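Asks: Generate a structure from the sequence data that follows.
(chains A and B)
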Amino acid sequence: MLIGHENTAVELIGITKYFPGTIANYKVNLTVRKGEVLALLGENGAGKSTLMKVLYGMYMPDEGEIRVDGKKVDIRSPQDALALGIGMIHQHFTLVPVHTVVENVLLSAFNTPKGKLPVSEAAKEIEEIGRKYGLEVDPYALVNQLTVGMQQRVEILKALYAGARILIMDEPTAVLTPQNAQKLFEFVQDFRQAGNSVVFITHKLNEVMEIADRIVVMRGGKVTGELPREAASENELARMMVGKDLDEITVTNVSEGDSFGNIVLSIRNLRVKSARGHMAVDGLSLDIREGEIFGIAGVSGNGQEELAEALCGLRKIDGGEILLESKNIVGKKVMEIIKEGIGYIPADRHREGLVLDMSLEENLILRKFESESFSARGVLIQENIRRYAERAIDEYAIKTPSSKVKVRGLSGGNQQKVVVAREMDIATTALVAVQPTRGLDLGAIDYVHRTLLKAKAEGKAILLISTELSEILALSDRVGVIYRGKIVKVFNRQEAKVDEIGLAMMGVSNDEAQ
Amino acid sequence: MIVEGILKGAVMMSTPLLIGALAEVFVERTGVMNIAIEGIFLIGAWAGFVGAYLTKSIGVGLVCSVVAGLVTGAIYGYFTVYLKQHQIVTGTAFNILSVGLTLYLYRVFFGVPLLPLTVEPLSSINIPLLSKIPVLGEALFNQNILTYLAFLFVGVGYWVLYHTRLGLVIRSTGANPEAVDAAGINVEKVRYWAVLFSSAMNGLAGAFYSLGFLGLFTENIIGGRGWIAFAICFLGNWNPLGVLAGALVFGLADAVAVSIQTSAFKAIPNEFIIALPYILTIVATIARKHFNVPAYLGTPYVKERR
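Replies: Numbers count the residues shown, from 1 in each chain, chains lettered A, B, ... in the order given. So this is what the prediction gives:
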C-alpha cells in the first residue's frame, strides 16, 4: 500500500468473520485515513455492520489483523476500541432510556472511575463538547424524554466524551428527518475538519455522494469496489452494490390524478390514543380511491402506528369515522375487519406479522383460519392448508425447502413475502402497509414494491406508511404528510418536492418557511 | 411497654425480609429474578443451624448459611444466566427441591430426634445509652448483629446503586442490557455476580430464622417469608428506601399479630393482622400506576448473533 502510516488511522487486513452457516466477511482489507469521511456502501447483509463491529470489538474476527496508527492492536471489547479512540454510533441506539444523558455517557466511558460517579464534572464536559460541535443537549434530561434526533446526539456525545477520533456511524440517517440529517452532515464535516475520521455506513446513494471523501462498496461480505467520490456516479455505485442494474420503479407507474375510481376508504376526523395515553392520532382525515396508493410521510412517532392499528381494529378509536365503501367500520373487531377485506402489513414482522416458531403454512392462515376452506368445526383441514400454502409459495416465489418449515429459518425477505402473501389475499378492498420493506435487501424491496403496484392495478385502495421518503415517492399517487396526528399537507406526486415535504414533516407550514 | 415490645419485634421480624428484599433489588436491577429466594432462605436456615450445632459456634453457622446460599446461587445463576433457562421454572424447581433436600439432609445428620435440636440463638448487642431512648431505644439499639447489618445495608446499598459506577452498571443492565454490552461490559458476568451476591444474602437472611431467635430448624421454618421478601422488592419499587418501608410494614404486622395472639385482646383475629400486609400489597399494586419495573426483568440476554 502506498499510503504512509502517518496518514493512516486504521487498517483492517484480511478480516474474515464466520457466523453459523454464513460468511459475513471474507478477507476484507480496508483503510481509514486521518481526516476523511469514508462511506461504506452496500445492501443489507453485505457485511458492512459486521466488519465495523469487528473493528469496534463487538465481534472477534476469525482471521486477520487490525492496525491503529500503524501498530497492530488486539481489540477484544468496545472498551478496548474506545481506549484506542474508536467510537461507534449504532443503528439501534444503545441507550438506557430511563437514565439521564450524563448517566448514559458515563456508562460507556472506559475511563469512568470505579467508585463514585463524577456526575457534575461529566455534565460540564458534555456541555463543552456539545458547544464545540453544535450537539447541545441537557445533560440531566432523561433519555426517554428526548426526540430521536436528540438521542442520536447522546450516542455521538458518548463516543466523543470517551475521546473518539475515529467515529463509525451505522446508517445514522435512517431515523432522522431531512433537516436533522443535514445537521448531522454538518457535524460530520466539522469533526473531519478537526483531523478526525468518520466511517459512514449506508445504503443510500445520495448520502454517499453528498458526504463521502472516499467510497468503499461491499457485497456478499467482500469489498467489490473502492473509489474517490469525484470518480463515482450513482449508477456505477448501484451496480457495484447489487451486482446488476436495478430495474428501478420510476414515477411513470403513477397514474394521472383523475383516473381513479370511487373513494374506497375514507377517514373522517379520526382520534386515537397511543399506548401512553396521549392523543396520537388527533383529527386525521383522508380519502383513498380505488387503485390509488396514498403515501404517508412523516417522522416516526407522529401517529403512524396508531393510525394503522386503528384501521385494522387493533386499537380503540376515540372519535371520528372510518368509512370503507361508505360503511362505518369503527368499533368492529379484527376478525370483522378482515372479512371486510382490509389487509395489514405491520411494521414489525417479527412481533406482529409472524409467529416465528410456527410453520410457513400456519403463518399463512394465521389471520384467516376461520375461513371454511381452512377449518371445519374448529378442526384445521390440513390438506387444504398445504395446497393453499404451496400455491402461495409458488405465486410469491418464497424460497423455502417446504411449507412445513418454521418461518424463523427463512431469510428476512422471504419472511416478509409470507406476510405479504397472506395480507394480499385478505385485502380484497384495501391494504394498509407500514414500513413494508424495512430491513430488506434491494431485491426483496423491489419485489414488495411490485406487489404493491399489482394490488393497485387490481383496484385496491392502498395506504402506504413509511419513514423512507424515497419509498413513498417511488410508489405513491398522493403523498400526505403526518405531523402530530394530523395530515398537515397533501401533495399530488407530480407536484411533490422533497424539501417541501421535509419542512411539513417538521411541522413547518409554507408561510412560516418564507 | 406493649408498644415498645411490638416495635422491637417489628424491627426484628423485618430484618430477614429487609436483607432478602434488598438482595432481590440488586439482582432484579440487573434483569434477573432470583425467584429461588424462598428455597435459598430455607437452605440458609438449614446450613446455618447445622453449622452452628456441629461447631457450637454461631459465627460458623452464619458463614455456613452464606456459603450454602452462594452454592445454590451459583447453580441457579448458571442455569438462568448462562444456559438462559426460564427463571420462574428453574426457580420453582429449586424451591421445591430445597424443601425435600433440607429435611432429608437434616435427618442424615441428626436422624429423627424426639425433641427438636436447639442451639443458643444470636444474642442482642445492647448499644449503651442509645438503647435507653424512650419508645424507640430498645427497638433500634438492642438487636442482634444481623439487624444492624441489614440497616447498614440499606444506606450502603442506596449509595452504591445511585452514586457509583457499579450501581450505574447494575441499573443499566436491567434497563437495557444492549447498552451495557455496547459499552464493553459483560452482561452475563454482571448478572451472574448479582445472582451470587443476592443468593449469599438470602442464605444469611434464612439463617436469621434458625439462628436469630428460635435456635432450631424445622422444615417449614421459612413458611413463605422468602416470597414476602420477593414481594417487598416489588412493593418498594426496586429502591432500597422503598424496600425499607415495605419490610417494616410486614415486620410490624408480624409483631402485632404475635402480641395479639398472646394477649387477651380478641376483637381482631390475629390472622387478619397477618393478612393485612398482603392485602396492602395487592391494593398498592392496583393503585400505583407506574412501577419502575426493570425493562428487561426476566429476559435472558442473548448477544445479537448478527
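Asks: Residue numbers of chain B in contact with chain A?
Replies: Proximity of chain B to chain A, by Cβ under 8 Å from any Cβ of the partner chain, involves residues B:163-166, B:168-169, B:171-172, B:175-176, B:178-185, B:292, B:295, B:305-306. All C-beta spots, glycine's among them, are computed from the backbone N, C-alpha and C.
Asks: try it again with 6 Å
Replies: B:163-165, B:168, B:172, B:175-176, B:178-179, B:182-184, B:306 (Cβ under 6 Å from any Cβ of the partner chain).
Asks: now the stretch 1-150 of chain B, which segments are flagged as low pLDDT?
Replies: B:1 (pLDDT under 70).
Asks: next one: chain A
Replies: A:1-6, A:21, A:44-45, A:110-112, A:238, A:242-259, A:508-514.
Asks: and the one residue in the stretch 201-350 of chain A that gets nearest to chain B, what element?
Replies: Closest approach between the stretch 201-350 of chain A and chain B, counting by Cβ to the nearest Cβ: A:Gly277, at 10.0 Å. A:Gly277 is part of no helix or strand when elements are defined by DSSP states H and E.
Asks: That one: how many residues sit nearby?
Replies: Neighbours of A:Gly277 under the rule other Cβ atoms under 10 Å in any protein chain shown: 7.
Asks: repeat for A:Val105
Replies: The number of residues packed near A:Val105 is 26, by other Cβ under 10 Å.
Asks: how would you label it: helix, strand or coil?
Replies: Here A:Val105 is helix, with the state taken from DSSP: H, G, I helix; E, B strand; the rest coil.
Asks: Equivalent analysis for B:Val108, please.
Replies: Three-state assignment for B:Val108 (three-state DSSP): helix.
Asks: before we move on, back to that, of the residues of chain B next to chain A, which is the most crowded?
Replies: Taking other Cβ under 10 Å as the neighbour criterion, B:Ser172 ranks highest of the residues of chain B next to chain A with 31 neighbours.
Asks: What values do phi and psi take at the residue of the stretch 201-350 of chain A closest to chain B?
Replies: A:Gly277 adopts backbone torsions of phi 100, psi -10, taken as degrees, to the nearest 10.
Asks: what's near enough to touch it?
Replies: Contacts for A:Gly277 (Cβ atoms under 6 Å, 6 or more residues apart in numbering or on different chains) come out as none.
Asks: same check, this time on A:Asp170
Replies: With contact set as Cβ under 6 Å, 6+ apart, A:Asp170 has these partners: A:Ser49, A:His90, A:Gln91, A:Ile201.
Asks: Neighbours of the last one, how many?
Replies: Other residues within reach of A:Ile201, judged by other Cβ under 10 Å, total 23.
Asks: ditto for the second one
Replies: The local packing count at A:His90 equals 22, with neighbours defined by other Cβ under 10 Å.
Asks: partner residues bridging the residue nearest to it when sequence neighbours are not counted?
Replies: Once flanking residues are discounted, A:His90 sits nearest to A:Asp170: 5.5 Å by Cβ to Cβ, 6 or more residues apart in numbering or on different chains. Beta bridges link A:Asp170 to A:Ile201, judged by DSSP bridges.
Asks: And A:Val10, how far from A:Leu167?
Replies: A:Val10 is 11 Å from A:Leu167, where distance means Cβ to Cβ, to the nearest Å.
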